[in-house]
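Enquirer: structure for this input, please:
(one chain, ligands or ions: 1)
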Amino acid sequence: MTQLIHRNLRITPPSAVCAFGMYVRDSDGNTYLDASGGAAVSSLGHSHPDVLAAMQAQLATTAYAHSAFFTTDVAEELATCLAQNAPGDLNNVYLVSGGSEAIETSLKLARQYFVENGEPERRVFIARRQSYHGNTLGALALGGNEWRRKPFAPLLMDVARVSPCYDYRERPASQDVQDYTAGLLVELEHRILDLGPQNVIGFCAEPVVGATLGAVAATPGYFKGVRALCDKYGILFIADEVMCGMGRTGTLYAIEQEGVVPDIVALGKGLAAGYQPVGAVLARDHIVERLRAGSGVFQHGHTYNAHPVAAAAALAVQKVIRRDALLSAVTMRGTALRRMLRDAFGNHPNVGDIRGRGLFVGLELVQERETKRPFDPDLKLHAAVKTAAMACGLMVYPMGGTADGRRGDHILLAPPFIATEADLGQIVARLSDALARALEAIR
Ligand code: PLP
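Expert: Presented below is the predicted three-dimensional model:
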């Protein structure tokens, strides 16, 4: 018997047959309101006519051209558009097929930069515990999710770890936010000094942490401090914006809200809003100039680099975001969504925190609000939430807590930017129902 391998080898998920606007329909006729854009991907909703038209037009001219032979106007235009709207001199764009590839590319670009800079001893990356940067071996090594890493640990490069910036759960009640932030930066500096700055390539973090923590933004000044430390020790700062980038937080790049320019930015997901598998890496001038003046090649490459139809989809998404002023819509609707969530769950005994930026919103679930005690991860509340939400006709993106209690179950909401206030009201109403059912199911 031949079969398609699904994530869960024991369960075949419903078959999606039609998706339009905010909704996805399955082959049994059930309709789901998409409150998570899949996994923070479908930022324009489904079947957007402008994106479909751009892809069709590209298919009709050049469906594929290998990047070792040709460039295309559409890939060049996309690169220009991404760079012109990026902060600082992030002027150089490399197009790949997804988020993990973007992270792999970032790691290799950073390493090659130092090799060509005459610093080949730099070989260590620093990343945070409670992080996710993708599932290919380099990206998996970078991420701090122990459950994902465990079976593959012997295959992974060593990565140095520091604490995440996770105010709700990790800041001691006795400490103010400023001291907490300063402490995290001291920890990072100590880690750099322990490793020997001359051995460190880069520090990688998500400006707003998505799947691992549930829309957790850094405390004020954290990324300014990170930038200063990277500058002090000549280390590259890599921003993983695969999930939080491309408008999701109300600015095209999430890091814009921190007032710093990373050396490298990785993009995926919302870049082409799910219409094509595509990712990108943006790098500052000095990095690419070093390679250009040195070997003259970036020692990397995939068959589908700068795929023309993927580039056409991503470019169309960028144009729609601008034409329809969707960044300000994201900021406005995000504020409305958090207000509605606070109205519905502000006094809920099992919702400990409601947080996020723009339409990137998280709810952390707790057994007890006062102590922030998480649910026992063996109860798999997150899975119960997903099942109950689907039964209520709602797609959300929940994630489980950890056995060490350093993270609770959470629910990530990342609705399409086209969501109306009425859609958001529906999301909150259905989520209310789903959460009640899920809590009942685990009791
Ligand atoms: N980085 C972050 C922050 C992500 O959230 C993800 C995916 O969820 C990735 C990287 C990997 O992206 P992909 O699944 O497209 O390979």
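Enquirer: near the ligand, which residues of the stretch 251-400 of the chain are found?
Expert: Contacts of the stretch 251-400 of the chain with the ligand, taken as CB under 6 Å from any ligand atom, map to Gly268. C-betas here are computed from N, CA, C, even on glycine.
Enquirer: pretty sure Arg407 contacts Leu213?
Expert: Yes: counting by CB atoms under 8 Å, Leu213 is a contact partner of Arg407 at 6.6 Å.
Enquirer: so where do the strands sit in the stretch 101-250 of the chain?
Expert: 124-128, 160-162, 200-205, 208-209, 216-217, 236-240 (DSSP state E, counting those that start in this stretch).
Enquirer: can you name every helix or strand that the third one contacts?
Expert: The helices and strands touching strand 200-205, judged by 3 or more CB pairs under 8 Å, 6 or more residues apart in numbering; DSSP states H and E, are helix 99-116, strand 124-128, helix 222-233, strand 236-240.
Enquirer: who does the third one touch, helix- and strand-wise?
Expert: Where contact means 3+ CB pairs under 8 Å, 6+ apart, helix 222-233 is packed against helix 177-195, strand 200-205, strand 236-240.
Enquirer: most packed of these?
Expert: strand 236-240 (a mean of 27; mean count of other CB atoms under 10 Å).
Enquirer: got the CA coordinates for the helix or strand just after that one in CSV?
Expert: Next helix or strand after strand 236-240 toward the C-terminus (DSSP states H and E): strand 264-267. Taking Å, rounded to 0.1, in the frame of the first residue of the first chain, the C-alpha atoms of strand 264-267 are listed here in CSV:
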residue,chain,number,x,y,z
ILE,A,264,21.4,39.2,8.4
VAL,A,265,17.6,38.7,8.3
ALA,A,266,15.9,35.3,7.5
LEU,A,267,12.4,35.4,6.0
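Enquirer: ok, and what's touching strand 264-267?
Expert: 82, 86, 90, 99, 102-103, 105-106, 109-110, 202, 236-242, 245-246, 253, 255, 279-284, 287 (CB atoms under 8 Å, 6 or more residues apart in numbering).
Enquirer: what's across from the residue lying closest to Tyr94 once chain neighbours are set aside in the sheet?
Expert: Excluding the flanking residues, the one nearest Tyr94 by CB to CB, 6 or more residues apart in numbering is Val281, at 4.5 Å. Per DSSP bridges, the residues bridged to Val281 are Tyr94, Ala266.
Enquirer: quick check: Val281 touching Ser97?
Expert: No: Val281 sits out of contact with Ser97 when judged by CB under 8 Å, with a separation of 11.9 Å.
Enquirer: can you point out the buried residues in the longest helix belonging to the chain?
Expert: Ranked by residue count and defined by DSSP state H, the top helix of the chain is helix 421-442. Of all the residues in helix 421-442, those buried under the rule 16 or more other CB atoms under 10 Å are 423-424, 426-428, 430-431, 433-435, 437-439.
Enquirer: also stretch 222-234?
Expert: Within stretch 222-234, the residues that count as buried by 16+ other CB under 10 Å are Tyr222, Phe223, Gly225, Val226, Arg227, Leu229, Cys230, Tyr233.
Enquirer: from the residues you listed, which is closest to Val124?
Expert: Taking CB to CB as the measure, Tyr233 is the one of the buried residues of stretch 222-234 closest to Val124, at 11.9 Å.
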